[in-house]
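Q: everything below, folded, please.
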Amino acid sequence: MRSARSVTKFAAHAASILALTAASLGLPAQAQEAPVVDAPAAGQQAAPAPRANPLSESVAAVVNDDIISTYDLMQRMRLLMVSSGLQPTQENLPQLEQEALRSLIDERLQLQELKRVEKQQKITIISTDQEIKEQINDIARSNSPNMTGDQLLAQLAAQGVGAETFKAQIRADSSWQAWISGRYGSRLRIGEDQIKAFERRMAEAASKPQYQVSEVFIDAARVGGMEVATNGARQLISQMQQGAPFPAVARQFSASPTAANGGDAGWISPGEMPPEVDAALEQLRPGQLSAPIPVRDGVYIIYLRDKRSGAKAALVDLKQVAIPLAKDATQAQVDAANKVLLDLKPKLTSCETLEATAGKVDGVVAGDLGEAEISDLAPAFQQAANTLNVGQISDPIRTDAGLHLIAVCGKRQSGAQAPTHDQIENRLRNQQLAMISKRYLRDLRNSATIETR
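A: As a prediction, this is how the structure comes out:
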């Protein structure tokens with residue numbers, strides 16, 4: 001926790017930081033008020049205006065003997081404001097200072113850990129100067145197809161942000177993400193059961209309203225409690241209402257994995273986010289920004305970009321294996337057919353080979369029933385279509401025409417653009433990597449010696 005002395009010290013030059021940053025951004029220095037001076041007497045030469053004394057560089061924090069200077073802190077605050085579009089005010093300066101200091105501390109911890117691993121394992125993890133240059137070029141091109149990395153750095157320099165400040169942030173972030181992905185990505189196994197469970201939730205939710213949202217999540221544990229997180233959310237909302245771009249704010253302040261995409265969470269359905277967020281979404285109209293939404297471990301800010309009604313028709317793709325039986329077949333005939341199908345069921349391992357496998361058994365017919373709305377199926381088939389997951393096969397079902405095994409080969413909602421198998425797998429993997437990274441960094445913080453002054 002910062003001492004009272006450091007708070008006083010920061011407050012003493014906060015106005016100077018505000019004025020410098022406002023000038024570099026071309027913004028009014030809202031905390032500044034011009035002093036009233038007497039006009040010089042006739043014939044008297046006006047005294048030269050005093051020059052602002054440069055801020056003396058001192059220690060803002062020490063992270064395992066690694067120093068973060070007040071210059072580092074001021075530079076990171078400027079970068080936060082320039083990259084997020086926030087306008088500096090006396091009200092948001094403390095929040096910006098806290099976020100800048102937290103980011104710098106996290107980055108020091110990450111780089112210290114990466115250097116330890118490099119030394120221990122004799123490998124290279126930390127991004128090289130050339131790799132950083134290429135990443136800056138990519139960022140510049142994403143801003144404007146004809147912009148170069150040097151031009152981007154020149155623009156930042158014109159706004160008071162040094163090139164090394166920008167490079168340091170990119171180096172820490174890219175190196176850490178590469179390490180987490182490299183160390184844990186190949187070990188993660190996203191099972192088919194996880195993917196099918198996701199598909200089932202998607203199918204169940206497809207008939208409900210869907211929301212296209214962007215999010216900022218402020219982690220209460222990271223910022224110092226729910227009260228701090230809520231107050232910070234209010235400040236960010238105020239700035240976004242005044243014109244700060246949501247994606248830029250999300251990239252700098254959000255603790256959600258979607259921060260890398262400017263907070264874009266895509267289309268979501270009720271149940272995918274905390275209940276408090278679901279309740280807020282029901283009250284929002286497209287184009288609206290939510291109030292702070294407290295949840296168990298932090299605070300959300302939600303921007304509702306669009307909304308659509310759920311799909312009305314559930315479609316299912318079926319195949320069947322059947323033994324024809326008359327409506328008045330004896331119980332012995334039904335039992336015999338039932339045994340044949342139950343013996344055959346374990347051998348039907350996929351929809352692709354179902355017909356060929358079933359065709360080897362005398363008296364059994366197999367065929368593709370095609371895609372149909374579940375509501376249009378016979379009642380006995382409706383239950384199987386609703387309860388079975390894709391790839392599953394029913395137990396024998398008796399109808400007036402015979403005894404049937406029903407295989408569910410696909411499910412979807414009419415009009416819905418469901419993610420592909422690979423997209424679901426990547427989404428689940430990224431979620432798990434984000435959780436691993438969060439826990440890893442939390443453990444580094446808990447074991448570190450961190451002193452703020």
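Q: show me what the longest helix seen in the chain is packed against.
A: Criterion DSSP state H: the longest helix present in the chain is helix 93-121. Contacts defined by 3 or more Cβ pairs under 8 Å, 6 or more residues apart in numbering; DSSP states H and E place helix 93-121 against helix 4-25, strand 59-63, strand 66-69, helix 70-84, helix 163-184, helix 220-223, helix 226-241, helix 421-447. For the C-beta atoms, the positions are set from N, CA and C on the backbone; glycine is no exception.
Q: looking at these, which is closest to Ala385?
A: With respect to Ala385, and counting by Cβ to Cβ, the nearest of these is helix 421-447 at 20.3 Å.
Q: show me what secondary structure element comes after that closest one.
A: Once helix 421-447 ends, the next helix or strand along the chain (criterion: DSSP states H and E) is strand 450-452.
Q: can you name the residues that contact Leu433?
A: Ile180, Ser181, Tyr184, Gly185, Leu188 (Cβ atoms under 8 Å, 6 or more residues apart in numbering).
Q: could you rerun that using 7 Å?
A: If a contact means Cβ atoms under 7 Å, 6 or more residues apart in numbering, then Leu433 has Ile180, Ser181, Tyr184, Gly185 as its contacts.
Q: the residues you listed, buried ones only, as a ChimeraX selection?
A: For anyone working in ChimeraX, the buried entries among these, judged by 16 or more other Cβ atoms under 10 Å, can be selected with:
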select :180,181
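Q: return the most buried member of the helices and strands packed on helix 93-121.
A: Among these, the stretch with the highest mean neighbour count (mean count of other Cβ atoms under 10 Å) is helix 70-84, at a mean of 22.
Q: run the chain-centre distance for that helix.
A: Relative to the centre of its chain, helix 70-84 is centred 23 Å away, using Cα atoms, centre = their mean, to the nearest Å.
Q: now do stretch 101-120
A: Put simply, stretch 101-120 sits 22 Å off its chain's centre (Cα atoms, centre = their mean).
Q: ok, residues contacting it?
A: Among residues not part of stretch 101-120, those counted as contacts by Cβ under 7 Å, 6+ apart are 60-61, 63-64, 66, 68, 72-73, 76, 124-126, 172, 175-176, 179, 222-223, 441, 444-445, 448, 450, 452.
Q: so which bits of that stretch are buried?
A: If you call a residue buried by 16+ other Cβ under 10 Å, then stretch 101-120 has these buried ones: 101-114.
Q: Ala280: which of these is nearest?
A: Ranking these by separation from Ala280, with Cβ to Cβ as the measure, puts Arg102 on top at 26.1 Å.
Q: turn the contacts of Leu433 into a markdown table, columns for distance to Val316 and pLDDT.
A: Output for those, formatted as a markdown table (distance: Cβ to Cβ, whole Å; pLDDT from 0 to 100):
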| residue | distance to Val316 | pLDDT |
| --- | --- | --- |
| Ile180 | 39 | 93 |
| Ser181 | 37 | 90 |
| Tyr184 | 37 | 90 |
| Gly185 | 35 | 85 |
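Q: how does the chain divide up, domain by domain?
A: Using automatic domain parsing, the domain parsing of the chain gives 4-26+55-185, 207-311, 314-413.
Q: out of the ones you listed, flag the one nearest Lys196.
A: For the domains of the chain, distance to Lys196 was read as Cβ to Cβ. The smallest value, 5.1 Å, belongs to domain 314-413.
Q: picking that back up, would you list the buried residues of stretch 101-120 in CSV and tack on distance to Glu282?
A: Putting the buried residues of stretch 101-120 into CSV (distance: Cβ to Cβ, whole Å) gives the following:
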residue, distance to Glu282
Leu101, 37
Arg102, 33
Ser103, 34
Leu104, 39
Ile105, 38
Asp106, 35
Glu107, 39
Arg108, 42
Leu109, 40
Gln110, 39
Leu111, 44
Gln112, 45
Glu113, 43
Leu114, 44
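Q: quick check, nearest of those to Arg296?
A: Of all the buried residues of stretch 101-120, Arg102 has the smallest distance to Arg296: 20.7 Å, by Cβ to Cβ.
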